[in-house]
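>>> prediction below, plus the sequence it came from.
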Amino acid sequence: MNKESFDPTTLKITDLRIAVIASNFDYTLVRIDTNQGVYGLGEVRDAGHKESALMYKGLILGQNPLNVDKLFRIMKPFAGHGREGGGISAIEIALCDIIGKVYGVPLYQLLGGKYRDKIRIYADTPTPKEPTPEGYAEKVLERKKMGMTFIKFDMGINILRDRVPGGLIGNQLTDKGIAYMVSIVEAIREAVGYEIPLAIDHFGPLSVGDCIRLGNALEKFSLAWLEDMRPWTDIEGNREITQAIRTPTLTGEDIFSLNGFRELIDKRAVRIIHPDLLTAGGVRETKKIADYAEEKSAMPTALHFAGSPIGFMASVHVAAAIHDFIALEHHALDIPWWKDLVTGLPSPLIEDGYVKVPDKPGLGLDLNEKVIREHLRYPGYFEPTPEWDTPKYGFYKPPTASSF
C-alpha cells in the first residue's frame, strides 16, 4: 500500500468483521475496515470467541483508527483477564496494523524500534501418547530435528494417575511420583543434550510445597523455566516457590494489562514474565509490561502464543522491540497448513530456530482467502455484522474531544 494514498485526518472505521478458523484451537481473526480502503488485521486469544471482539464494534465505528490510545481507553473498562482480554487485544493489533500501513512503517517502529532482526522461537511439545521417559525423549527429539533450538514440553501430574500407582495421593505428589517425573526429564536431557534450553509446562494442581519439592528435584537438569506451577492469581504462593528453588519460574499468559502484572512484578513472584499479546492488551500494552518488568525488577520477558500467523507475527514485532527478551512460543509446528493461512511470511519461516522480523508496513502480511475458507469453523468469510453496530451498553455516549 502507498502511504501517500491515505488522508489520516479523515480516516474512519466503517466495519469490524470476523472469520473463525478451526485448528488446534479456534483462531478468531478480526478485520477492521475503513473509509479509505486500508484495513487492519488482528486476532482474539486462542480458543476465544468472536463475541469478545464484536462487543466493541459499536464503540469504535466512525472513529479514526489512528487514535489507538483513545480507542483503547474507551474499550478497556469492559476487558478482563484470560479470554476476556482477547477482543480488545485483537482490535488494538488491527488498529496498529492500520497505522503501520497508513504511514508505511513496520509495526515494531510504533513501539520505538527494534533491538534485534530475528526472534528466537521456543517449540511447544504436547504430552506424547505414551507418556513414558522414552516417549517423551522421542517427542522432544523430533523438535530438535526440526531445527528448533529452544523446547518446552508438557508434563502434568495426570501422567501419574494410571501409569504410576502410588505416584499421587489425591493431588499430592509422592516421592515415587517425583522420581518418575525426574526420570522423564533425565531421558529428555540424555536425548537432546544440554545445549538445548528446556522448559516445562502444565504441571497440574500442585500445592506450594509440592512445587518446591519437584523444583528442587529437577534443579540438576538446568531447565530454562518451570511454567505456571501455581495459578498466577496466587501471588504469595508463586513468590514462595520462586524464593525456594533455583530454577526460574514463569507465568503471565492469562493476565490482562500492566495493572494486572504490577503486583506479580513488584513482589518478584516469578523470575520471568510470560504475557500473551492476545490477552495482555495487544502490542503497546505488552511492550509497557515488558519495560516495567525490566525497570522494576530486572525481570526478562518470554512471550506465550498459540494462535494463527496473524497473532504470531504481531508477537514477532513486539519481541523485536523488547530490550530484555528470551523467546517466543510456536504452538502449531504439527499443522502443515498453518503458515499458508496468510501471505507475506518469511520463507523459510523458521531458520536455525529463529524467525526474521519483517520490514513491510504494519504486520507485514495479508490473508490467504482460499486456505482460510478451507478451514473455517463456521460458514462465512468476514461477513457483515450489522447486528453489532449499536453499542450494547445503555449508559454509553459517543466520545467527544472534550471527553479526553
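Noted; the coordinates are in hand.
>>> quick check: phi and psi on residue 339?
Backbone torsions for residue 339, taken as degrees, to the nearest 10, come to phi -70, psi -20.
>>> hmm, it is touching residue 345, no?
Yes: with contact defined as CB atoms under 8 Å, residue 339 reaches residue 345; the gap is 5.6 Å. All C-beta spots, glycine's among them, are computed from the backbone N, C-alpha and C.
>>> overlap in contacts, those two.
residue 309 (CB atoms under 8 Å, 6 or more residues apart in numbering).
>>> specify the beta-bridge partners of residue 199.
residue 152, residue 225 (DSSP bridges).
>>> please report how far it lies from residue 327.
9 Å (CB to CB, to the nearest Å).
>>> same deal with residue 231?
23 Å.
>>> these two: which is more packed in?
With neighbours defined as other CB atoms under 10 Å, residue 231 and residue 327 compare such that residue 327 has more, 23 against 12.
>>> and that one, what element?
Secondary structure assignment for residue 327, by DSSP states H and E: strand 325-330.
>>> what comes up buried for that strand?
325-330 (16 or more other CB atoms under 10 Å).
>>> following element in sequence after that strand, please.
Past strand 325-330, the next helix or strand by DSSP H and E is strand 342-343.
>>> and the contacts of the helix or strand following that next one?
Remark: after strand 342-343, the chain's next helix or strand is strand 354-356, criterion DSSP H and E. For strand 354-356, the external contacting residues (CB under 8 Å, 6+ apart) are 117-121, 316, 328, 346, 349.
>>> please apply the same query to stretch 123-143.
146, 148, 150-156, 159, 163, 183-184, 186-188, 190-192, 198, 201-202, 306, 329-331, 333.
>>> report the helix or strand with the lowest average pLDDT across the protein.
helix 158-163 (a mean of 94; mean pLDDT, DSSP states H and E).
>>> list the buried residues of that one.
Buried residues in helix 158-163 (16+ other CB under 10 Å): 159-160.
>>> for stretch 41-50, same thing?
41-46, 48-50.
>>> got it, and stretch 230-238?
230, 232, 235, 237-238.
>>> from the chain's centre, how far out does that stretch sit?
Offset of stretch 230-238 from its chain centre (CA atoms, centre = their mean, to the nearest Å): 20 Å.
>>> select, from the buried residues of stretch 41-50, the two members most distant in space.
Greatest spacing in the buried residues of stretch 41-50, by CB to CB: 41 and 49 (18.1 Å).
>>> and which of the contacts of strand 354-356 is nearest to residue 261?
For these, the nearest to residue 261 is residue 328 (17.8 Å; CB to CB).
>>> is it true that that closest one touches residue 150?
No: Residue 328 sits out of contact with residue 150 when judged by CB under 8 Å, with a separation of 9.4 Å.
>>> now do the shared contacts for the two.
Shared contacts of residue 328 and residue 150 (CB under 8 Å, 6+ apart): 120-122.
>>> overlap in contacts of residue 199 and residue 327?
122, 150.
>>> counting by contacts, list what the one helix or strand residue 21 maps to packs against.
Residue 21 is located in strand 13-22, with elements delineated by DSSP H and E. Identification of packing neighbours for strand 13-22 by 3 or more CB pairs under 8 Å, 6 or more residues apart in numbering; DSSP states H and E yields strand 26-34, helix 51-54, helix 57-60.
>>> now the ones you listed in TSV, with distance to residue 213, mean pLDDT and mean neighbour count?
Shown next, in TSV, are the helices and strands packed on strand 13-22 (distance: least, CB to CB, whole Å; pLDDT from 0 to 100; neighbours: other CB atoms under 10 Å):
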stretch	distance to residue 213	mean pLDDT	mean neighbour count
strand 26-34	37	98	25
helix 51-54	39	97	22
helix 57-60	49	96	20
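>>> tabulate the ones you listed (CSV), appending distance to residue 10.
Putting those into CSV (distance: least, CB to CB, whole Å) gives the following:
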stretch, distance to residue 10
strand 26-34, 10
helix 51-54, 25
helix 57-60, 16
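>>> circling back to that earlier point, what's the closest of the buried residues of stretch 230-238 to residue 65?
When the buried residues of stretch 230-238 are compared against residue 65 (criterion: CB to CB), the nearest one is residue 232, at 31.7 Å.
>>> next one, pLDDT for the closest one please.
pLDDT for residue 232: 98.
>>> residue contacts, it?
Shown in contact with residue 232 (CB under 8 Å, 6+ apart): 238, 251-252, 254-255, 264.
>>> tell me the two of these that are most distant?
Taking CB to CB as the measure, the contacts of residue 232 span a maximum distance of 13.2 Å, between 238 and 254.
>>> any idea how far residue 45 is from the residue nearest to residue 23 when sequence neighbours are not counted?
Excluding the flanking residues, the one nearest residue 23 by CB to CB, 6 or more residues apart in numbering is residue 335, at 6.1 Å. With the distance defined as CB to CB, residue 335 ends up 18 Å from residue 45.
>>> no more questions from me, cheers.
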